[in-house]
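In: 3D model of this:
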Amino acid sequence: MSAVLFANLPVRDLDRSKTFFTALGFTLFGMADDMASVVINEQAQVMLLTEPTFATYAGTEVADATKSTQVILVVGVENPAQVDELFDKALAAGGAAVGELRNDGYRYQRGFTDLDGHHWEALCLVTPAA
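Out: Below you'll find the model as predicted:
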């Protein structure tokens, strides 16, 4: 079975969030007044939904990502330089650093939050030298 993953995130200000994710180098697809899709790759997209729209799907109270973490979204890239590039773009666009650089010989990883406080990680899996 071939499948595409759509993760849905509530956002307070859709235009501000669209600006943030395009500054990271992602393209947007399927935009409407209350939602837009951030294309990660052909198999994964992150749907940005305004909080009222998100609430209609969730059926429960919308969590405040600045106060708790329900999910960590990880974007896998090809090399450590791309991890640093994505991390630097996120900070330049208004995101905040999360945690410390992880470089244990198997992974190179840096975390940041988006403008609504959702936790993201840029990750490169490193093949150890033989």
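
In: tell me where the chain has helices.
Out: Ranges of helices in the chain, per DSSP state H, are 14-23, 51-58, 80-92.

In: what angle do the worst-scoring helix or strand of the chain on mean pLDDT and helix 14-23 make?
Out: Least confident helix or strand, the chain: strand 27-32 with a mean of 88, by mean pLDDT, DSSP states H and E. For strand 27-32 against helix 14-23, the angle between stretch directions is 160 degrees (axes from the mean of the first three to the mean of the last three C-alpha atoms, to 10 degrees).

In: now find how far off-centre strand 27-32 is within its chain.
Out: Per C-alpha atoms, centre = their mean, to the nearest Å, the displacement of strand 27-32 from the mean C-alpha position of its chain is 15 Å.

In: what's the least confident stretch among the helices of the chain?
Out: Taking each of the helices of the chain in turn, the lowest mean pLDDT turns up on helix 51-58, with a mean of 93.

In: and the strands in the chain?
Out: Residue ranges of the strands in the chain, as given by DSSP state E, are 5-11, 27-32, 35-41, 44-50, 72-76, 96-103, 107-113, 119-125.

In: and the fourth one with helix 51-58, angle?
Out: Right, the one you point to is strand 44-50. Between strand 44-50 and helix 51-58, the angle formed by their directions is 120 degrees, by the same axes, to 10 degrees.

In: could you number the chain from 289 rather than 1 from now on?
Out: New numbering, starting at 289: the last item is strand 332-338.

In: work out the sheet partners of strand 332-338 and label each with its direction, please.
Out: The partner list of strand 332-338 in its sheet, established with DSSP bridges, is strand 293-299 (parallel), strand 323-329 (antiparallel).

In: those into TSV, with extra columns for mean neighbour count?
Out: C-beta: built from backbone N, CA, C; applies to glycine. Compiled in TSV, these are given as follows (neighbours: other C-beta atoms under 10 Å):
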stretch	mean neighbour count
strand 293-299	16
strand 323-329	18
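
In: what about the ones you listed, which gets the closest to Q358?
Out: Counting by C-beta to C-beta, Q358 lies closest to strand 293-299 out of those; the figure is 10.1 Å.
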